[in-house]
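1. Sequence unavailable; structure follows:
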């Protein structure tokens, strides 16, 4: 009698084993896995489309993607909205040497038709502001910029902050839905909304130096493809897509 | 013999389910020392988040019970055209991804939503406010309660309700004195599920209410905010959430069995 159930049990084990293997979907297929900052979404989507790269891309806060790599998740490419996060991962041996591939500008973003015209309007009582949380690059750039303001003004602006979002998509969403009156974003995020949002340039003295770094992840399944992908960001289809989205090439 | 083999299979299945569902939870505690737990509770952000989570989830659960109990009673005791449709509509948020719930709440109660203008005229703002968190929690958690309460009411012996009515009790009295106590165990199970779901809510809260310490940053949002910089703190806060949710589940279940709520089902 036991014999009748043995194949069943074996079948169940096989099923479990098969399900266990299902996770490695890029194994051997040459598919590139990319973890990139949320602000790169449009440019990177455009890049893989024009260059015909078979890539599985996930976009999120650069800090969360870095934390995933620290927890053992291994994409092939890691692209962040700053150079600090890739540099730290490089120091810890988790990614190869990072390459700076683009720069961006932090701007004040408001819904089209908003009466806000400058950073000076943000201290008005009742103005709701969304910024990035302190860990995500857009949030730390924003805080760095505000720190260069007179302390009273910076304090007044921070007092009007109503949400600290985990990535730029959250800030864009809060702005386009009218939940907040203003937010700090990259100029490329504002361009990507196709006119729903308007960018107000920050005074040059406040503008942080926003540079994007990318690296091949140590132990990547597809290091060759990752290298080619990053090269294309510096010269090639990737660079063109970045430029189209409003990014600037790295200095030098 | 055959029965023995089948019994063994059932046993194996339970072991697999138990191991898969509990191992990740055990891992949280294995990686968190009691010192980490205490340290994380000492952080003002963590305490704010915990306090906010308890307040908002309690408010949501009160709303759910007050409105949901009579609504579930009606669905369980009356037959009417379109009843199945109503039941399905009420259960819909159960299967919605949190992101869809967030978008739906923005589209209805957001500043640009269908009722945005009305709310604004009434001077009510929900987005980015604690009230918005409560709305999000109520939306995602209510179906858990409604479903369980409805099933519990449907299982109450109709003869008991009829007897109460024959003895001169009004329908309201029969509901309060017979139906609710008899359905107590099922109702409290629904309460525990809804509360647990509310405590764990993440996506809809983030999209609709945003994330700000002390105002809209509940424990799950605080865990996410800590995840990238301080994994230990995120882990410790997760452990706290597991303990609080587990304690809640257990106490509500025990309460449901107590004679006070008539747990000894008729």
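-> Alright, I've got the coordinates. Model, not experiment: these values are computed from the prediction. Numbers count the residues shown, from 1 in each chain, chains lettered A, B, ... in the order given.

2. Go through stretch B:206-222 and flag the buried ones.
-> For stretch B:206-222, the neighbour count (16 or more other Cβ atoms under 10 Å in any protein chain shown) marks B:206-213, B:215-222 as buried. (C-beta placed from N, C-alpha, C; glycine too.)

3. Which ones among those also lie next to chain A?
-> Contacts with chain A are made by B:206-207, B:210-213, B:215-217 out of those, judged by Cβ under 8 Å from any Cβ of the partner chain.

4. pretty sure residue B:132 belongs to a strand, no?
-> No. Remark: residue B:132 does not belong to a strand; assigned using DSSP: H, G, I helix; E, B strand; the rest coil, it is helix.

5. ok so, going back, pick out whichever of the buried residues of stretch B:206-222 sits closest to chain A.
-> residue B:210 (3.0 Å; Cβ to the nearest Cβ).

6. Tell me the secondary structure at the residue nearest to that closest one when sequence neighbours are not counted.
-> Closest residue to residue B:210 apart from its sequence neighbours, by Cβ to Cβ, 6 or more residues apart in numbering or on different chains: residue A:163 at 3.0 Å. Three-state call for residue A:163 (three-state DSSP): strand.

7. And residue 56, which helix or strand is it part of?
-> Reading this off chain A. Using DSSP states H and E, residue A:56 sits in strand A:55-60.

8. um, chain B though
-> For residue B:56, the host element (DSSP H and E) is helix B:44-77.

9. tell me what that helix is packed against?
-> Where contact means 3 or more Cβ pairs under 8 Å, 6 or more residues apart in numbering or on different chains; DSSP states H and E, helix B:44-77 is packed against helix B:34-42, helix B:83-95, helix B:130-154, helix B:184-200, helix B:219-227, helix B:231-257.

10. and of those, who's closest to residue A:101?
-> Evaluated over the helices and strands packed on helix B:44-77, closeness to residue A:101 peaks at helix B:219-227, with 26.1 Å, by Cβ to Cβ.

11. Who is the closest residue to chain B within chain A paired with across the strands?
-> Closest residue of chain A to chain B, Cβ to the nearest Cβ: residue A:163 (3.0 Å). Note on residue A:163: beta-bridge partners by DSSP bridges are residue A:130.

12. Pretty sure it sits against residue B:212.
-> Yes. Shown here, residue A:163 and residue B:212 form a contact pair, counting by Cβ atoms under 8 Å, at 5.3 Å.

13. got any residues that touch both of these two?
-> Shared contacts of residue A:163 and residue B:212, defined by Cβ atoms under 8 Å, 6 or more residues apart in numbering or on different chains, comprise residue B:128.

14. Dig out what the spatially most central residue of chain A forms beta bridges with.
-> The C-alpha lying nearest the average C-alpha coordinate of chain A belongs to residue A:37 (Cα atoms, centre = their mean; 1.4 Å). Beta bridges link residue A:37 to residue A:60, judged by DSSP bridges.

15. Spell out which parts of chain B neighbour chain A.
-> Residues of chain B lying near chain A (Cβ under 8 Å from any Cβ): B:1-2, B:5-6, B:8-9, B:12, B:16, B:106, B:110-112, B:116, B:127-128, B:206-207, B:210-213, B:215-217, B:224-225, B:227-229, B:231.

16. Now, the residues you listed that are in helices?
-> B:2, B:5-6, B:8-9, B:12, B:16, B:106, B:116, B:206-207, B:224-225, B:227, B:231 (DSSP state H).

17. Can you say which two of those are spatially most distant?
-> The widest separation within these (Cβ to Cβ) is 63.9 Å, between B:2 and B:116.

18. what about the two, which has more around it?
-> Applying other Cβ atoms under 10 Å in any protein chain shown to residue B:2 and residue B:116 shows that residue B:116 carries more neighbours, namely 21 against 10.

19. The closest residue to the more buried one other than its chain neighbours: how many residues sit nearby?
-> Using Cβ to Cβ, 6+ apart and skipping residues adjacent in sequence, the residue nearest residue B:116 is residue B:110, 5.7 Å away. Residues lying near residue B:110 (other Cβ under 10 Å) number 24.

20. Just confirm residue B:106 contacts residue B:205, I think it does.
-> No. Between residue B:106 and residue B:205 there is no contact under Cβ under 8 Å: 12.0 Å.

21. picking that back up, need the pLDDT of the residue nearest to residue B:116.
-> Residue B:110 is assigned 89 on the pLDDT scale.
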